[in-house]
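Participant: I would like to see how this sequence folds:
(one chain, ligands or ions: 2)
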Amino acid sequence: MSDPGIVKQVSVMLEEAEKIAREHGVIVGRVSRHKPSRIDEEGGNVVFDVDPETYFTSYEEIAQSGSYLAVVDVKTREIISLRVIEIERQDILAELDLPEFTISLPKPDASGLFTRTRVKAKPLLSYNPSTSVVKAANYVVEPQSPIIKPTRVDTIQYLLGLPTKGVFIGYVTIGERLLFNKPTPLYIPLKTFYQHILVLGTTGSGKTTLLKNLIASIYSCYNYDGDKPSIIIMDPNKDYVHIPLKPLWEPSIGIDWELEERLVIEARKSVRQPSGIVIILPITQYIVNRLIKEESTWVKALRVIARDYFDTVYRGVVEKIGGSIREFDMEVVESSVDGLKLRYAYTRTVINYNGSSEELKLYIIPYGFRFTAMSPREFIELNPFFTQQARDALYRILIKLRDEGIYFNTLREFYDTIIEARLMRKKREPGINLEPRKNRLYELINRFAIHRATLDNIVRQIGSLVDTGFFDIVIPCRDGEEKYLNEPPVKAILEKHEELFNKYPIVLDLEYLQENSPGDPEQSIAISAFRVLNKIFEWKMVKARQRVKTQPVIIVVDEAHRFFPSHGGRRDEYIEHISSMIDRIARLGRARGLGIVFSTHSPKDVHDIILQLTNTKIILRMDKSLIGLLDIPSEYRDFIVKTSDRVGIVKSHALRLGYITFRTPLPLTGHYDLSALSIGG
Ligand SMILES: Nc1ncnc2c1ncn2[C@@H]1O[C@H](COP(=O)(O)OP(=O)(O)OP(=O)(O)O)[C@@H](O)[C@H]1O
Ligand SMILES: [Mg+2]
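Facilitator: Numbers count the residues shown, from 1 in each chain. Ligands and ions are numbered 1, 2, ... in the order given. Sure thing, here's the model as predicted:
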């Protein structure tokens with residue numbers, strides 16, 4: 001006979017466990033008294049039975065392989081999460097174990113289905129509700145312990161080892177369905193962003209929507225600690241300039257509209273689109289020539305350019321989404337930050353959407369390069385298409401010219417001179433020259449014994465920099481007035497991000513550049529994107545060295561394959577150069593609060609370094625043939641091939657279980673498939 005004291009103690013435990021179970025969820029069953037609970041070196045399992053009533057009313061949440069439940073262990077009163085791995089249903093006839101009739105099949109009979117359902121589950125993590133400590137579940141669970149469907153969001157987050165704070169990215173699911181049929185927010189801790197994130201998914205799977213949702217979450221300061229990061233977006237498709245516009249959702253075939261609406265309404269209680277945006281707008285000579293016909297000043301020219309930009313990029317879209325522009329003000333602001341001049345156009349617009357008014361604020365910063373303002377090192381770093389030899393040789397030449405006080409006012413001038421110097425070398429005759437700079441260049445090329453192929457690469461690559469059209473942009477102006485567009489200081493934009501720009505996300509509009517640059521578009525976008533990236537990095541590093549605190553920075557690189565392509569192309573040296581650049585930025589950025597979020601279609605399209613550098617992967621629907629490259633556990637493979645838009649898996653060290661499935665809501669910012677929009681025509 002057991003000691004009656006112990007028996008009493010255990011029965012108190014049983015009561016307490018029942019009480020905790022009711023506080024944290026709904027009891028759906030009890031650990032079996034007929035089958036053993038086990039634990040061994042490989043882990044444990046728990047078997048429990050579910051009543052027919054409970055089974056028929058909530059089988060989706062309880063009796064589906066892969067779903068989660070919890071058990072309150074009688075001896076520890078800890079709540080242990082369970083992952084359902086096996087479900088067994090039997091008709092009453094099977095349970096009676098009668099010999100099978102051979103002549104006719106028994107008729108369907110509902111009462112035959114009123115049997116208990118046997119469920120086998122695997123314990124995952126144990127959560128102590130009085131101390132909030134979460135550990136791996138490593139002890140055997142007592143028979144009779146109550147099984148619950150947890151109802152409290154915090155309990156669910158603890159039980160699944162999910163972060164309770166961070167950047168909201170969507171809601172936890174079991175496959176496509178919401179976990180326990182309720183919206184449990186999924187957060188990614190802000191510090192995980194500094195270890196970089198890669199978003200993967202096939203066309204239309206929701207990568208851009210997810211990125212916009214997380215930009216809106218960060219901007220809304222919802223549920224994360226620490227300073228609000230500055231967000232900078234490399235936008236090759238003019239997708240992100242619409243962020244401050246009103247979200248608009250269109251039902252499409254096959255979509256569970258009721259669920260989508262429910263999630264969007266829930267999410268928008270905490271996450272809203274920013275009401276403005278900062279656009280770094282790469283200007284080219286072509287744009288100036290097209291828009292500025294008369295003598296002008298940069299202030300006037302910028303007004304014209306910004307106006308044209310607003311009309312082509314916003315006006316039509318606003319009308320298409322059913323809005324009308326009520327007020328429109330524009331001014332050009334000149335600000336001085338530590339002696340650096342920052343000039344931008346500021347536009348404030350009020351948009352009326354069916355009776356409700358919303359403000360839209362745009363800050364347009366013209367971006368272009370000035371040859372004379374660049375140091376030799378900056379100049380050679382600018383074009384990743386220089387070969388290593390070309391980089392070295394050009395650096396030596398530029399340093400020498402600078403030391404000798406030989407000056408070229410524009411890149412074009414330098415380019416023309418170097419072409420002629422090369423010609424002189426081809427003809428092997430110095431000739432009699434009226435242009436001393438040309439002679440000196442010719443001499444330097446000879447003195448440094450620059451190989452012909454290297455010189456060719458230098459000439460070709462400087463030529464393509466000239467072709468981009470964003471060097472030394474001039475406006476027609478009166479004598480004595482500022483003729484060239486100066487490169488805006490990225491460091492000033494970041495330092496004054498809050499004060500001047502309300503921390504609105506910063507978008508580098510690379511599509512505008514492609515439309516307006518006569519050069520190779522991929523090269524043009526790479527050059528300007530890398531320049532901005534390097535400038536952000538440099539600013540972070542300098543400030544860290546000076547021990548000056550800076551706000552965190554999150555850089556979003558959508559369509560990362562366009563910036564960091566994988567091997568396979570011809571330009572191996574180019575690829576190595578940019579991958580070592582991103583490697584340096586990512587590794588050093590980590591400790592300095594600089595995080596990068598990349599997105600791409602396929603892990604094959606981006607350089608391996610991107611896969612290695614990103615500690616967190618968010619995988620949306622993906623082609624079967626690519627799954628193998630990603631080391632996804634087998635239970636998720638089928639799901640990820642078939643799942644709906646905006647549903648996927650997060651694989652991260654920030655998750656105790658390593659993986660979780662989730663659904664991000666419809667876009668929480670302006671994001672439209674403009675060709676498919678039905679309203680507005
Ligand atoms: N405003 C909206 N309302 C409803 N559905 C939308 C809306 N905007 C986009 N979608 C749909 O959501 C899905 C995801 O679109 P999204 O642009 O995020 O995909 P993506 O993965 O970035 O695609 P791509 O690789 O082509 O850039 C698409 O099927 C798209 O048609
Ligand atoms: Mg996209």
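
Participant: can you give me the strands in the stretch 251-400 of the chain?
Facilitator: 276-282, 323-337, 340-353, 356-367 (DSSP state E, counting those that start in this stretch).

Participant: Columns mean neighbour count on top of those, output as CSV?
Facilitator: For every residue, glycine as well, the C-beta is placed using N, CA and C. Output for the strands of the stretch 251-400 of the chain, formatted as CSV (neighbours: other C-beta atoms under 10 Å):
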stretch, mean neighbour count
strand 276-282, 26
strand 323-337, 14
strand 340-353, 18
strand 356-367, 19
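
Participant: Quick one: neighbours of E443, just the number.
Facilitator: For E443, the number of neighbouring residues by other C-beta atoms under 10 Å comes to 14.

Participant: tell me which element it falls in.
Facilitator: Assigned by DSSP states H and E, E443 belongs to helix 436-447.

Participant: And the helix or strand of the chain with the lowest mean pLDDT, how far out from the chain middle?
Facilitator: None of the helices or strands of the chain scores lower by mean pLDDT, DSSP states H and E than helix 92-96, at a mean of 82. Offset of helix 92-96 from its chain centre (C-alpha atoms, centre = their mean, to the nearest Å): 54 Å.

Participant: Same check on stretch 253-266?
Facilitator: That offset, for stretch 253-266, works out to 23 Å (C-alpha atoms, centre = their mean).

Participant: Show me which parts of it are buried, residue by residue.
Facilitator: Residues of stretch 253-266 classed as buried: 259-260, 262-264 (neighbour count, 16 or more other C-beta atoms under 10 Å).

Participant: the strands in the stretch 451-600 of the chain, which residues?
Facilitator: Ranges of strands within the stretch 451-600 of the chain are 506-509, 553-557, 594-600, based on DSSP E, counting those that start in this stretch.

Participant: Show me how far the last one is from its chain's centre.
Facilitator: For strand 594-600, the separation from the chain centroid amounts to 5 Å (computed by C-alpha atoms, centre = their mean).

Participant: ok so, going back, show residues contacting the least confident helix or strand of the chain.
Facilitator: The contact list for helix 92-96, computed with C-beta atoms under 8 Å, 6 or more residues apart in numbering, reads 106, 111-115.

Participant: And the strands in the stretch 51-200 of the chain?
Facilitator: For the stretch 51-200 of the chain, the strands defined by DSSP E, counting those that start in this stretch occupy 68-72, 79-88, 117-128, 133-136, 146-150, 167-174, 177-178, 185-188, 197-200.

Participant: if we compare those, which one ends up closest to ligand 1?
Facilitator: Closest approach to ligand 1 among the strands of the stretch 51-200 of the chain (C-beta to the nearest ligand atom): strand 197-200, 8.5 Å.

Participant: Following element in sequence after the closest one, please.
Facilitator: Counting by DSSP H and E, what follows strand 197-200 is helix 207-219.

Participant: how about the helix or strand just after that following helix: buried residues?
Facilitator: On the C-terminal side of helix 207-219, the nearest following helix or strand under DSSP H and E is strand 230-235. Under the neighbour-count criterion of 16+ other C-beta under 10 Å, strand 230-235 has 230-235 buried.

Participant: And for stretch 412-423?
Facilitator: So for stretch 412-423, counting by 16+ other C-beta under 10 Å, buried means 412, 414-415, 417-418, 420-422.

Participant: need those in a markdown table with distance to L96 and pLDDT, can you?
Facilitator: A markdown table is the format used below for the buried residues of stretch 412-423 (distance: C-beta to C-beta, whole Å; pLDDT from 0 to 100):
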| residue | distance to L96 | pLDDT |
| --- | --- | --- |
| R412 | 94 | 96 |
| F414 | 94 | 96 |
| Y415 | 92 | 96 |
| T417 | 99 | 93 |
| I418 | 95 | 94 |
| E420 | 101 | 90 |
| A421 | 99 | 89 |
| R422 | 96 | 90 |
